[in-house]
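Novice: here is the input, now give the coordinates:
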Amino acid sequence: MNKKVLVLGEDTRSFLSVIRSLGKAGYQVDVVCYDRQSPSLKSVYISNAYFLNYQSYTQSEWLEALIELVKIEKYDALFPCDERAIFPLFENKDKFPPSCVLAIPNQEVIEHLFDKSTTKQIAIKCGVPVARGEIITLKDKSLDYLQTHFGQKFVIKPTLSFKSEQLSKRQKVEIVDTQEQLSQYTKYIDAEDQFLIEEYFTGIGEGVSLLAMNGQVQHLFAHARVNEPRAGGGSSYRKAIPVDAGMAESCIKLCEATKFNGVGMFEFKKNQTTGDWILIEVNARFWGSLPLAIHAGIDFPADYAKALFGELTPHKLPNQQYNLKAYARSLSNDLYDTKAEFEYDLQHGDVLKGVYRLFKRGIGYGRLLSNETIDSYDAKDKAPFKEEVKQFYRNTLGGKIRKVLSKPTHTTSEMNRLMAMLYVAPSVSIKFVCYGNIMRSPMAHKTLQTLCNQVDLDWQIDSFGFHQNENRQSPVECIKGAKNIGIDLDTHRSQWLKQSAVNPDDDIIFIFDERNSDLLSSFYDCKNVFNLAHFVPSGLGQHQEIADPYGNGDEAVKYCYLLVVEAVKNIFEQYLKVNSK
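Specialist: Below you'll find the model as predicted:
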């Protein structure tokens, strides 16, 4: 009987690569996917998909649901693809059945290689070159202070990509050399938050990927970034290169020092002029450029699974045999990166340079005819690639065309659909959902509740937001604007919409804009969703959204509330009319 494994993630790089690798190796692959819209879910190698995420579940709910799933399905192994699953699995490993192997890093790796500051310390101890820098509080530091200490251009690094207590939010590395960039980055951080600030090292990103068991390296694979993102962050286009002997030695030292057990990618930066290089960080998990390594000939996920099940024959020396001509790109990310580079050149008046770069990157797609692959593409599993292309089109050109050519949603058909649901419902449960639950949704909630109270209509009505910071008051301008039309928002406090608050089959959910719709589609199980904007009476025009008035003053709130109230009244009056017949 084939072993049964559960893979946790969402992207079309590491997550999809692990799914395909294990599926081709003969394992039954189930997944826990954070995003219901992920193209990876189209893979033919997935037997069953489950949806647990940190938007619609608290961290404790997520963990409890996962443990219950593992016990019921009796998985032989769990393969987490990032820290959102690695941290809770590591911290609660004793709660999982002993028969289920957890593909997570060992204690020493967690302690030393996930925090960028401790990674820096152990690298220095092992004699591995790193950038000059230090841990400081950032909120009170001026640009002048930072540039004096770290150079004209410097790098801001959160010590952790994800905080274990806030797994819903990924923290971002930023390259900074202007006041605007610094102000934008520090806008939402707290005074006590600490960051690793380093001088900027000029060079090209290179990575050394490896599989090690108990500190002994089994495979080594190296890649370089073909294009370096201007603002930093992950690469969208990479190529295989020979393993640098010095980098390999550094990786082996760090693996021995931490008794490294698992997979990882050690990220370096190399100056092409001097040949000098530094260690940037360690991703002690499956990494974004994993599709390139597999395409080049080293199947890290399959061999990791063999090692976990005691089926891998150890190498005395690390295997470094792979196709040095291999290239791979993340299609959507590369197209967005190309667009951003071109727009940057245009904004800075360098049209010729922009056109040249655009042409050069376009020519690079010719490699697809030889040694290049696209992360989401596989000849035996084409559906994820097709879905990625569809989503990219919808989010770019297709979206613009749709806005220009699309006809307004027919209010009558939407109203008829809603009335039919209300008519057959044994009890009516309505939820209004906007982003923050402090402006639009509470106004709709209170308006409908007031109307229902006037005719003793026993509907269950509530409002929620996607923002996870609860118990926030409505802004002053909203309280004042609502009071002017007889609605009291003074006592309202925001609520975060959790999946536990939603009855997928029976609840009627009203959203206000496309962003609300996207969040519901990605993270929640709900079937009966309506856009309140489609119920605004025709005398006020055709509307595809009721825009968030946040930060736009009293007049924006006044207009927003006009649309909200009239839409709610329209629904209510139509219901009374239909029910009186």
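Novice: quick one, phi/psi of the nearest residue to His467 once chain neighbours are set aside?
Specialist: The shortest distance from His467 to any non-neighbouring residue, by Cβ to Cβ, 6 or more residues apart in numbering, is to Gly436 (4.5 Å). For glycine as for every other residue, the C-beta is placed from the backbone atoms N, C-alpha and C. When read as degrees, to the nearest 10, the backbone of Gly436 gives phi -100, psi -10.
Novice: count of neighbours near Gly436?
Specialist: Residues near Gly436, counting by other Cβ atoms under 10 Å, number 19.
Novice: give me the pLDDT for it.
Specialist: We have a pLDDT of 96 for Gly436.
Novice: equivalent analysis for Ser406, please.
Specialist: Ser406 is given a pLDDT of 57.
Novice: now do Thr396
Specialist: Note on Thr396: pLDDT of 84.
Novice: contacting residues for the closest residue to Asp507 other than its chain neighbours?
Specialist: Nearest residue to Asp507 in three dimensions, chain neighbours excluded: Ser429, at 4.9 Å (Cβ to Cβ, 6+ apart). Contacts for Ser429 (Cβ atoms under 8 Å, 6 or more residues apart in numbering) come out as Trp459, Gln460, Asn503, Asp506, Asp507, Ile508.
Novice: can you do 10 Å?
Specialist: Trp459, Gln460, Ile461, Asp462, Val502, Asn503, Asp506, Asp507, Ile508, Ile509, Asn528 (Cβ atoms under 10 Å, 6 or more residues apart in numbering).
Novice: average pLDDT for the helix ranked longest in the chain?
Specialist: Criterion DSSP state H: the longest helix present in the chain is helix 553-579. In this model, helix 553-579 carries a mean pLDDT of 95.
Novice: can you name every helix or strand that that helix contacts?
Specialist: Using 3 or more Cβ pairs under 10 Å, 6 or more residues apart in numbering; DSSP states H and E, the elements in contact with helix 553-579 are helix 411-424, strand 429-434, helix 440-454, helix 476-483, strand 508-511.
Novice: now do the buried residues in it.
Specialist: In terms of neighbour count (16 or more other Cβ atoms under 10 Å), helix 553-579 has its buried residues at 556-557, 559-561, 563-568, 570-572, 574-575.
Novice: what do you get for stretch 27-47?
Specialist: Buried residues in stretch 27-47 (16+ other Cβ under 10 Å): 27-36, 38-43, 45-46.
Novice: circling back: what distance separates the longest helix of the chain from the centre of its chain?
Specialist: Relative to its chain's centre, helix 553-579 lies at 35 Å (Cα atoms, centre = their mean, to the nearest Å).
Novice: that helix to helix 411-424, inter-axis angle?
Specialist: 60 degrees (axes from the mean of the first three to the mean of the last three Cα atoms, to 10 degrees).
Novice: what angle separates helix 553-579 from helix 476-483?
Specialist: Going by the same axes, to 10 degrees, helix 553-579 makes 40 degrees with helix 476-483.
Novice: can you list the domains in the chain?
Specialist: Following automatic domain parsing, one finds the domains of the chain at 4-104, 110-115+205-323, 132-199, 411-579.
Novice: got a markdown table for the ones you listed, with distance to Tyr365 too?
Specialist: Conversion of the domains of the chain to a markdown table gives the following (distance: least, Cβ to Cβ, whole Å):
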| stretch | distance to Tyr365 |
| --- | --- |
| domain 4-104 | 18 |
| domain 110-115+205-323 | 10 |
| domain 132-199 | 27 |
| domain 411-579 | 29 |
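Novice: any idea how far the residue nearest to Asp507 lies from Asn271?
Specialist: 62 Å (Cβ to Cβ, to the nearest Å).
Novice: quick check: which ranges of this protein have low pLDDT?
Specialist: Counting by pLDDT under 70, the low-confidence segments of the chain come to 1, 163-166, 168, 228-234, 398-410, 581.
Novice: give me the number of residues near Gly262?
Specialist: Other residues near Gly262 come to 22 when the count uses other Cβ under 10 Å.
Novice: er, Gly349 actually
Specialist: 9.
Novice: the residue nearest to His467 touches Phe466, doesn't it?
Specialist: Yes. Counting by Cβ atoms under 10 Å, Gly436 touches Phe466, with 7.8 Å between them.
Novice: quick one: residues contacting Gln454.
Specialist: Gln454 makes contact with Phe572 under the criterion Cβ under 10 Å, 6+ apart.
Novice: and what of the one 10 residues further on?
Specialist: The neighbourhood of Phe464, defined by Cβ under 10 Å, 6+ apart, consists of 431-434, 437, 441-442, 445, 470, 494-498, 501-502, 509.
Novice: mind giving me the ChimeraX command for buried ones among those?
Specialist: Entered in ChimeraX, the line below selects the buried ones among the contacts of Phe464, by 16+ other Cβ under 10 Å:
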select :431,432,433,434,437,441,442,445,494,495,496,497,502,509
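Novice: give the buried residues for stretch 304-319.
Specialist: Tyr304, Ala305, Ala307, Leu308, Leu312, Pro318.
Novice: just to revisit the earlier point, so which of the helices and strands packed on helix 553-579 comes closest to Leu324?
Specialist: Closest to Leu324 of these, according to Cβ to Cβ: strand 508-511, at 50.5 Å.
Novice: tell me the helices and strands packed up against the closest one.
Specialist: helix 411-424, strand 429-434, helix 440-454, strand 460-465, helix 514-523, strand 528-531, helix 553-579.
Novice: which one of these lies closest to Lys3?
Specialist: Taking Cβ to Cβ, helix 514-523 is the member of the helices and strands packed on strand 508-511 nearest to Lys3, at 30.1 Å.
Novice: how about stretch 429-448 as PDB, C-alpha atoms only?
Specialist: The C-alpha trace of stretch 429-448 is given here as PDB (Å, rounded to 0.1, in the frame of the first residue of the first chain):
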ATOM      1  CA  SER A 429     -29.300  34.900   8.700                       C
ATOM      2  CA  ILE A 430     -27.600  37.900   7.000                       C
ATOM      3  CA  LYS A 431     -24.000  39.000   7.500                       C
ATOM      4  CA  PHE A 432     -22.500  42.200   6.100                       C
ATOM      5  CA  VAL A 433     -18.800  42.000   5.500                       C
ATOM      6  CA  CYS A 434     -16.300  44.800   4.600                       C
ATOM      7  CA  TYR A 435     -12.600  45.000   5.200                       C
ATOM      8  CA  GLY A 436     -12.400  46.600   8.600                       C
ATOM      9  CA  ASN A 437     -16.000  46.400  10.000                       C
ATOM     10  CA  ILE A 438     -15.800  49.900  11.200                       C
ATOM     11  CA  MET A 439     -17.500  51.900   8.400                       C
ATOM     12  CA  ARG A 440     -19.600  50.200   5.700                       C
ATOM     13  CA  SER A 441     -20.700  46.900   7.200                       C
ATOM     14  CA  PRO A 442     -21.800  48.200  10.600                       C
ATOM     15  CA  MET A 443     -23.900  50.900   8.900                       C
ATOM     16  CA  ALA A 444     -25.600  48.300   6.700                       C
ATOM     17  CA  HIS A 445     -26.100  46.000   9.700                       C
ATOM     18  CA  LYS A 446     -27.700  48.800  11.900                       C
ATOM     19  CA  THR A 447     -29.900  50.100   9.000                       C
ATOM     20  CA  LEU A 448     -31.400  46.700   8.300                       C
END
